[in-house]
Every structure is written in C-alpha cells, then in structure tokens.
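A.B. asks: below is the structure, and that's it, no one-letter string:
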C-alpha cells in the first residue's frame, strides 16, 4: 500500500471515529434531556403541588376575613394584621434549622412531615373562637411551613445543573399564583356549604387543611431524596445526571454541610443582596395572596365576587412567573430581568395611588401581580444559580426565604382597616419595595462583575489541595463563575 493510500485510510478512520463520538454524544444528550424531563414530571411536579397548597393555605386567612372571620372571632382594629403577621417570627426562627434538618433526615421524610403538620394546623384554625386561638395556631403554622420553600429550593440545586436552576425555580414559584387563581373560587364554592355546625370561614380552613395533610402522605410515597435514590430514573440515567452535576461541583446530596464555610457564607454580602430581591417581591405577592380580596371588597363588591375576582391578578401573576424563566435569555442576564419586573411594580403602585376608578385599580393589581411574581422567580433563581456546594445551598436557600418571610411580615401591616378603601399607605409601601429592589439588584450585579473579573485575573492555585479540599472550595473554586 502506498503512502498516499495509507494516509487516506488513516484519515477515513479518524473521520469514522469522530462520527461515532458525535453520535454517542448526541445519544447521551438526548438521554440526559429525557432524564431531566422525568425529574420534572416527578420531583418538580410534587413540590409544585405542595407549593400550590402552601399558597392556598396562606391566602385563606384573607379569604376567611371576607367570609366573616373578623366579626365571628371578635377582632377589631389592627387585630387581623397581628394575626396575619404572627406566623413570621416562628417562620423565620425555624427556617435555617429546618433546612439543616432536611439535610440530616432527607427530603422525603422531612418535607412530607412538615406538610402533614401544617395541614393539621390549618384544620385546627377552623375551631378557633377568638384572636388568641388564631395567634397560637399561626405561631405553630409558621414553624411548620418554615422548611417547605427553602427545602424545595435546596432539592432543585441538588437535582438540576446550574443553567437549569432559574427555570425550575420559576416553575416551582408559579405555584403561588396558581394557588391564588384557584384559591378564591374554591373558597367561594366552599362558602356555599350550608351546615350549622361550621361557619363558612371555618369550612375554608378545615377542607383546605385536610387537602394539605393528605398530600403530605402522597409526598412520602413518591418523593426521593436525591437522584441516586430516584424511583423514576434508570441506572444509566442516574450515571448521566451524576456526570453532568459533577461539572458544576454539585455533590448530589452526599456531602455534609461545612459549619466553617457556613459562617463564611453568612458574611457574604452577595447572598443578602440577591435575597433582598425576594424580600421586595413579597410585598406585591402577599398583597395579592392576603389582601387582594379585601381590597376588592372595599371597592363595593360582594364577598363571593371579591373572592372570585382574586383569580384575575392570580392569572397575571402566573403568566408573569411562567415567562420569567425566559427573561435571562431575552434580556441577557438576571439583572436586567429583575429591573424589568420591578418596572411593572412601580407602574402598578403609581396607578393604585393615583386613581379611584375600580377598573383601573383592578388592572393595576394585575400589573402588580405580573411584576411581583416575575421577581419571585428571578431573585431566588439568580441566588440559587450561584451556589457552588451544599453549604452555600443550605445557607442561601434559608436566607432567601428568611428575607421573603420578612417581606411577608412587613406586608401584614401595610394594609390597615383605617386606610380603607384607598389604602394609600399600603400602595406606597409597594412602590418603596419596587425601588429598593432596583437598588439591591444593581448591588448584586456589581458584586458579581467584580468577582468574576478577579477570578479571571488572579485565579487561586489548587495544585497542592486534596480532592476533598478542592470540592470544599465551593464558590471559591477557580473554575466557578457567578451567573449574572
């Protein structure tokens, strides 16, 4: 065989090998996409429905007020605001411990347990006779619900690569407007139950709490702690997911939280700058979930109509949060996406403060919901996309929802009975939160730009570190880049 023929044969062999590698790579890519679709249909769907029930359980207090809760329990003045807010102290205090308990006991056990508990507590609220009974129930409710959202966020970071986190967080948080959409009409339907043993608002708490407790048992049967234990994935799919997650230095749920690193993350201003986005967004979200039906009822609508009309802002919020998963692609990064959402909040708040026209005010509530729920996905999605390991994930997830809880706590006091029907103070606070969101998002953007530039110019040397020490670097790893 001549040299020319030999070179042609070698060239053909190389070409065939490349084609085979491309075919194998394409096949693996298709299998990996299918594996994540199966995770979407199992894990993500389960925590989505759990969050729908969480949203309904939070909204049922405002819906119950429209149904006569305030009068039947003898509440006056700011009593309702106290009852609405009193869950947040225990919600905030138990947030981080609950997230650490999830790492210790596993998501399947812990999330199922707290879901059953908060469902039972909601059922107990049906038997409350006065403000004190409601306050006690709400304190226990805050402790039970504290681990649900941060636990779900942690699960998302353990099951999905970083570039998929924001879209999955958006889908997870879309459960909140879904709860608002269906919660009002469901409450309106429940009010049609005629039974002298229960008042209409008592039926709302009892039936919705029973649904939540029952779903907690379903979660225990279907949920898995991490991909390796998934009942829907094949062995080959688990291996593919592990290989993909290893590229992001994600441990897949095996490594423990590093207490020393936990303290270091607690001093990181970036965590707080990004978590404050949810703090600001929750002003608008809790306005829709807790006070929208009340605001509409003060426009002169009947209790049933006010509850049913809560669906309109809920639908707009659902649209906002669903399409928000595409914002980073459309606008180029999370920062501009957050500014876009905040702009709608500013516009909505100004309209609510400027007009007394009922149609315009309901339209403004829809705009408020659209922008607020968009930022509810953008803030946590941005924060959780920038976690490089389990310790950062545990702290960031807890701090994110702590800030969100503080936003809910503040919102509980901004819509006061004495401000009806205009509620200028409440709408003004929503405007303040929108402007603060712009400031905090800008701060986060500047910090990320500075850190990524520093990593490019002065990467740390890891040649002398062991494999465990390299993994424990988390966000400090020289190959880690913060998502803008």
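C.D. replies: Now that the structure is in, tell me what you want to look at. Keep in mind it's a predicted model, so treat the numbers as computed, not measured.

A.B. asks: give me the secondary structure label for residue 75.
C.D. replies: Assigned with DSSP: H, G, I helix; E, B strand; the rest coil, residue 75 falls in the coil class.

A.B. asks: which regions of this protein sit below the pLDDT cut-off?
C.D. replies: Across the chain, the ranges flagged by pLDDT under 70 are 1-27, 248-260, 262, 307, 467-476.

A.B. asks: for the most centrally placed residue in it, list the residues it contacts.
C.D. replies: For the chain, the residue nearest the mean C-alpha position is residue 173 (4.3 Å; Cα atoms, centre = their mean). By Cβ atoms under 8 Å, 6 or more residues apart in numbering, residue 173 lies in contact with 51, 321, 373, 376-377, 380. C-beta coordinates here come from the backbone N, C-alpha and C atoms, glycine included.

A.B. asks: of those, which belong to strands?
C.D. replies: Within those, no residue falls in strands by DSSP state E.

A.B. asks: state the three-state secondary structure for the nearest residue to residue 214 once chain neighbours are set aside.
C.D. replies: Once flanking residues are discounted, residue 214 sits nearest to residue 119: 7.3 Å by Cβ to Cβ, 6 or more residues apart in numbering. The assignment at residue 119 comes out as helix when based on three-state DSSP.

A.B. asks: got a list of contacts for stretch 221-232?
C.D. replies: 38-39, 41-43, 46, 106-108, 111-112, 158-159, 233, 238, 241-242, 245, 252-254.

A.B. asks: and the residue nearest to the centre of the chain, how far is that from residue 153?
C.D. replies: For residue 173, the distance to residue 153 equals 9 Å [Cβ to Cβ, to the nearest Å].

A.B. asks: do you know how far residue 103 is from residue 77?
C.D. replies: 43 Å.

A.B. asks: the two: which is more packed in?
C.D. replies: residue 103 (21 against 10; other Cβ atoms under 10 Å).

A.B. asks: please point out which parts of the helix or strand hosting that one sit buried.
C.D. replies: Secondary structure assigned from DSSP states H and E places residue 103 in helix 95-105. Within helix 95-105, the residues that count as buried by 16 or more other Cβ atoms under 10 Å are 95-96, 98-103.

A.B. asks: ok, so of the residues you listed, who is nearest residue 415?
C.D. replies: Closest approach between the buried residues of helix 95-105 and residue 415, by Cβ to Cβ: residue 95, at 24.4 Å.

A.B. asks: any idea how far the closest one is from residue 434?
C.D. replies: 25 Å.

A.B. asks: ditto for residue 172
C.D. replies: Distance from residue 172 to residue 434, by Cβ to Cβ: 23 Å.

A.B. asks: and these two? Which one has more around it.
C.D. replies: A count of neighbours by other Cβ under 10 Å puts residue 434 above the other of residue 172 and residue 434, at 27 against 24.

A.B. asks: list the contacts for that one?
C.D. replies: Neighbours of residue 434 in contact, by Cβ under 8 Å, 6+ apart: 280, 284, 342, 345-346, 349, 371.

A.B. asks: count of neighbours near the residue nearest to residue 74 when sequence neighbours are not counted?
C.D. replies: What sits nearest to residue 74 in space, not counting adjacent residues and going by Cβ to Cβ, 6+ apart, is residue 130, at 5.8 Å. Other residues near residue 130 come to 12 when the count uses other Cβ under 10 Å.

A.B. asks: and for residue 354?
C.D. replies: 12.

A.B. asks: what of residue 452?
C.D. replies: For residue 452, using other Cβ under 10 Å, the count is 15.

A.B. asks: next, it: secondary structure please.
C.D. replies: Per three-state DSSP, residue 452 ends up helix.

A.B. asks: doesn't residue 388 make contact with residue 477?
C.D. replies: Yes: taking Cβ atoms under 8 Å as the definition, residue 477 is a contact partner of residue 388 at 6.2 Å.

A.B. asks: more crowded one of the two?
C.D. replies: A direct count of neighbours by other Cβ under 10 Å for residue 477 and residue 388 places residue 388 higher, at 23 against 18.

A.B. asks: that one: what secondary structure?
C.D. replies: coil.

A.B. asks: could we number from 394 for the rest of this?
C.D. replies: Right, with 394 as the first residue, what we last looked at is residue 781.

A.B. asks: so it touches residue 872, yeah?
C.D. replies: No: under the criterion of Cβ under 8 Å, residue 781 is not in contact with residue 872, lying 9.7 Å apart.

A.B. asks: list the residues that contact both of these two?
C.D. replies: Counting by Cβ under 8 Å, 6+ apart, nothing touches both residue 781 and residue 872.

A.B. asks: take the contacts of stretch 614-625 and keep only those in helices.
C.D. replies: Among the contacts of stretch 614-625, the subset assigned to helices under DSSP state H consists of 431-432, 439, 500-501, 504-505, 551-552, 631, 634-635, 638.

A.B. asks: quick check on these: which are buried?
C.D. replies: By 16+ other Cβ under 10 Å, the ones in helices among the contacts of stretch 614-625 give 432, 439, 500-501, 504-505, 551-552, 631, 634, 638 as buried.

A.B. asks: just the closest of those residues to residue 528, please.
C.D. replies: For those, the minimum distance to residue 528 (Cβ to Cβ) is 26.0 Å, reached by residue 504.

A.B. asks: quick one, what contacts the closest one?
C.D. replies: Counted by Cβ under 8 Å, 6+ apart, residue 504 has contacts 440, 443, 495, 540-541, 544-545, 612, 616.

A.B. asks: ok, 6 Å please
C.D. replies: Residues near residue 504 by Cβ atoms under 6 Å, 6 or more residues apart in numbering: residue 544.

A.B. asks: and what of residue 574?
C.D. replies: Residue 574 neighbours (Cβ under 6 Å, 6+ apart): 704, 707-708.

A.B. asks: dump those residues into JSON lines; add secondary structure and distance to residue 578 as well.
C.D. replies: Formatted as JSON lines, the contacts of residue 574 follow (DSSP: H, G, I helix; E, B strand; the rest coil; distance: Cβ to Cβ, whole Å):
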{"residue": "704", "secondary structure": "helix", "distance to residue 578": "6"}
{"residue": "707", "secondary structure": "helix", "distance to residue 578": "10"}
{"residue": "708", "secondary structure": "helix", "distance to residue 578": "11"}
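
A.B. asks: which of those ranks first by neighbour count?
C.D. replies: So for those (other Cβ under 10 Å), the most neighbours sit at residue 707, 29 neighbours.

A.B. asks: touching, that residue and residue 569? I think so.
C.D. replies: No: assessed by Cβ atoms under 6 Å, residue 707 is found out of contact with residue 569, at 8.7 Å.

A.B. asks: what about residue 462, neighbour count?
C.D. replies: Applying other Cβ under 10 Å, we find 25 residues neighbouring residue 462.

A.B. asks: residue 469 versus that one, what's the distance?
C.D. replies: 13 Å.

A.B. asks: again, but for residue 760
C.D. replies: From residue 760 to residue 469 the distance is 33 Å (Cβ to Cβ).

A.B. asks: those two: which has the busier surroundings?
C.D. replies: Just comparing residue 760 and residue 469: by other Cβ under 10 Å the higher neighbour count belongs to residue 760, 21 against 10.

A.B. asks: quick one: that one and residue 743 touch, right?
C.D. replies: No: if you go by Cβ under 6 Å, residue 760 and residue 743 don't touch, sitting 10.0 Å apart.

A.B. asks: circling back: for the contacts of residue 827, pick the one with the most neighbours.
C.D. replies: Within these, most neighbours by other Cβ under 10 Å means residue 677, with 34 neighbours.
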